[in-house]
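S.K.: Next input, structure requested:
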Amino acid sequence: MPDFLPGLPTDLILASLGKAPGNELKSGKFDSPESSSALAANAFGWFLNRPDLLPPLPGGLGTAQSVAIEAEMRLPWAGGKHPWLSAVIETDRCLIGAASARYEPFRPAKKNDFAESYDRKVWGEKMEGYTRLRRTHANGARRFTVLDDVQLVKAAYGLRTEAQRRRKRPVLLYLYAEPATWANGRAVDPARIAAHRVDIKLFSESVEGDEVAFAEMTWPELLAIWGRGKMPVAEHAARVAERFGPL
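M.R.: Predicted coordinates:
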């Protein structure tokens, strides 16, 4: 049993993690001191059975009606792999999908490409920014130094599909950390942190105006919002920061 933070609905969290790909629990990856999955599950898992306590995000995105973790966003076809998001918040007007990154951008990049199925003309004219990024990547041009643009484009396509089903406005939230050190105390390369910031800005500019709105926020910024919430939420935010810092 993972060592979850106090007050979490562990049964609901374990059920969500058990459905997700990657075998995080059985493989022991979830227990790693650098686990991004553990951070997101502990942070958002607290709200699974109390979405009404989740403080609203900036930008008038609405009041949370439900919160899910490790949520699959199914694409508009049956077979193949579908993108998964660290957390999904449904409000009265939006479907917000959080793609969480912790140490991943500062590790050696893993190969990530698009299957041919993504070439289908099903995304609509209001997704041209994301589609241009997909085509650029498929043509072999590398625009980003450390950002996993493929993961984000896939997430946006899945989020758009699910938001249309629910008749909500889709918002992709890139939630990331900028830790000064690895878990072993070794310094994270500050040049890669700076390059990550540049990549995020370029990605945001590339998809501006598309149907899936793109927002970015650091984990400390999110926890600061929670810290200004009601007392149980503020206490939870403090516990997340203490357990998973530096962020």
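S.K.: Just want the phi and psi numbers for the residue nearest to the spatial centre of the chain.
M.R.: For the chain, the residue sitting closest to the mean C-alpha position, by Cα atoms, centre = their mean, is Ala99 at 1.1 Å. Note on Ala99: backbone dihedrals following degrees, to the nearest 10 are phi -100, psi 110.
S.K.: so who does it touch?
M.R.: Contacts were defined as Cβ atoms under 8 Å, 6 or more residues apart in numbering; by that measure Ala99 touches 85-86, 151-152, 155, 172-175. Every C-beta, even on glycine, is put in place using the N, C-alpha and C of the backbone.
S.K.: ok, now with 6 Å
M.R.: 85, 155, 174 (Cβ atoms under 6 Å, 6 or more residues apart in numbering).
S.K.: which residues does it bridge with?
M.R.: Ala99 forms beta bridges with Tyr174, as assigned by DSSP bridges.
S.K.: and it, how far is that from Leu172?
M.R.: In this structure, Ala99 lies at 7 Å from Leu172, with Cβ to Cβ, to the nearest Å as the measure.
S.K.: so what sits against both of these two?
M.R.: Looking at what touches both Ala99 and Leu172 (by Cβ under 6 Å, 6+ apart), the common residues are Ala155.
S.K.: Go ahead and name everything in contact with stretch 204-220.
M.R.: 126-127, 129-130, 133, 156, 159-160, 170-175, 177, 200, 247.
S.K.: Tell me which of those residues fall in helices.
M.R.: 129-130, 133, 156, 159-160, 200 (DSSP state H).
S.K.: Relative to Thr10, which of these is nearest.
M.R.: Each of these was scored against Thr10 by Cβ to Cβ, and Leu159 proved nearest at 27.2 Å.
S.K.: The closest one contacts Met73, doesn't it?
M.R.: Yes. With contacts defined as Cβ atoms under 6 Å, Leu159 counts as touching Met73 at a distance of 5.3 Å.
S.K.: Looking at those two, which has the bigger crowd around it?
M.R.: Neighbours around Leu159 and Met73, counted as other Cβ atoms under 10 Å, are more numerous at Leu159. The numbers are 27 against 22.
S.K.: OK, contacts around that one?
M.R.: In this structure, Leu159 makes contact with 73, 97, 170, 172, 212, judged by Cβ under 6 Å, 6+ apart.
S.K.: okay, those in a markdown table with distance to Leu5 and pLDDT next?
M.R.: Written out in a markdown table, the entries for the contacts of Leu159 read as follows (distance: Cβ to Cβ, whole Å; pLDDT from 0 to 100):
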| residue | distance to Leu5 | pLDDT |
| --- | --- | --- |
| Met73 | 26 | 95 |
| Gly97 | 23 | 98 |
| Pro170 | 29 | 98 |
| Leu172 | 26 | 98 |
| Val212 | 31 | 98 |
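S.K.: got a markdown table for those residues, with distance to Ala191 too?
M.R.: Conversion of these to a markdown table gives the following (distance: Cβ to Cβ, whole Å):
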| residue | distance to Ala191 |
| --- | --- |
| Met73 | 33 |
| Gly97 | 29 |
| Pro170 | 33 |
| Leu172 | 26 |
| Val212 | 30 |
